[in-house]
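J.: Attaching a predicted model along with its sequence, questions to come.
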Amino acid sequence: MNIVIVGYGNVGKEIERKIRLKELDDRVYTIDVNPKMNAEFLDIDEFNRREYTAEVYIVCVWSQKQVLDVIKKIKLDNKPLISIETTCPPGTYEIAKNMVKDKAYLIVFPERRVVNDDFHSVFNHPRVMGGDYEQGREFYLRYMLWENIIPTDNPELAELCKIVENAYRYITIAIAEELRMLIPKHFEELRYLMNTKWNIDLPEARDGIKGICLPKDIKLFNEYFKENKMFKLAEKINEEYNERYQSIYDQGC
């Protein structure tokens, strides 16, 4: 089976690694517009010019626009499976499905991974799948357990689930940040004492909510739910926390 991974960043590289570890009879091609990523091809056009074909395209780029640009260029002659693993605004699947119609199987299957945690990596834990999930599940069962593929008949909920779960995580960290601002001297001990209760899990308050996923997803959430109050407040708390504590972390204290 020929598999194309479009987007060769952290997620794309992890997917390729996991596929190769299975040692199945699969040929994996990698594509990324950034030459520094060291993918085999810079774009879909270059792949097409080689007259290659693939049964599966795994799309793990950055934005909705990039997802749709990739899908426009995929050859649909053999009715491939297209898996959108990118976190996108709800409604992306519907736009993409109108583009491919019945010429491709299409699923939305947002990635889930924890950095430096191989157990909670791309194929090793439960993930939500929407769209043509029967065909999608048939492919991913090559690498995943049946019970780890959670299907839904509503692709928009699969898209929304990833955004909301990260926005929820963002809020829990923002709560910890505000508590640290309120009681800086005793925050760590208070956190330890609170977390002795079985249904409490207050996260750490480190150097602000940074990285890639959480800041991106809270913005997607706030753009989609424009009237929400709590999640917008969490962004403001994080901004204040960053301003108050950044100088401390810059000094290595």
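T.: That came in fine, so what should we check first? Residues are numbered from 1 along each chain as shown.

J.: For the rest of this, base every contact and every neighbour count on C-alpha atoms.
T.: OK.

J.: Quick one: neighbours of Ser63, just the number.
T.: 14 (other C-alpha atoms under 10 Å).

J.: What residues does it make contact with?
T.: Counting by C-alpha atoms under 8 Å, 6 or more residues apart in numbering, Ser63 touches 86-88.

J.: In PyMOL, how would I select just the buried ones from the residues you listed?
T.: Command for PyMOL, covering only those of the contacts of Ser63 found buried under the criterion 16 or more other C-alpha atoms under 10 Å:
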select buried, resi 86+87+88
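
J.: Looking at stretch 145-158 now, give me its mean pLDDT.
T.: Mean per-residue pLDDT for stretch 145-158: 97.

J.: which one of the contacts of Ser63 sits closest to Phe225?
T.: Phe225 has its nearest neighbour among these in Cys88, at 14.3 Å by C-alpha to C-alpha.

J.: any idea how far Leu145 is from that closest one?
T.: Cys88 sits 25 Å away from Leu145, taking C-alpha to C-alpha, to the nearest Å as the criterion.

J.: Of the contacts of Ser63, which belong to helices?
T.: Taking DSSP state H, every one of those sits outside helices.

J.: Columns distance to Phe47 and pLDDT on top of the contacts of Ser63, output as JSON lines?
T.: As requested, the contacts of Ser63 are exported to JSON lines (distance: C-alpha to C-alpha, whole Å; pLDDT from 0 to 100):
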{"residue": "Thr86", "distance to Phe47": "20", "pLDDT": "97"}
{"residue": "Thr87", "distance to Phe47": "24", "pLDDT": "96"}
{"residue": "Cys88", "distance to Phe47": "24", "pLDDT": "95"}
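
J.: Redo the contacts of Ser63 as CSV? Include distance to Arg27.
T.: Below are the contacts of Ser63 laid out as CSV (distance: C-alpha to C-alpha, whole Å):
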residue, distance to Arg27
Thr86, 22
Thr87, 25
Cys88, 27
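
J.: Tell me, how many residues neighbour Arg191?
T.: Counted with other C-alpha under 10 Å, the burial measure for Arg191 works out to 19 neighbours.

J.: and it, helix, strand or coil?
T.: Following DSSP: H, G, I helix; E, B strand; the rest coil, Arg191 is assigned to helix.

J.: How about it, nearest residue that isn't a chain neighbour?
T.: Once flanking residues are discounted, Arg191 sits nearest to Leu202: 6.5 Å by C-alpha to C-alpha, 6 or more residues apart in numbering.

J.: Please settle this for me: is the one you found part of a helix?
T.: No. Assigned with three-state DSSP, Leu202 falls outside any helix and is coil.

J.: who touches the residue most central in space within the chain in this structure?
T.: In the chain, the residue lying closest to the centroid (C-alpha atoms, centre = their mean) is Glu111, at 4.1 Å. Shown in contact with Glu111 (C-alpha under 8 Å, 6+ apart): 11, 85-87, 122, 127.
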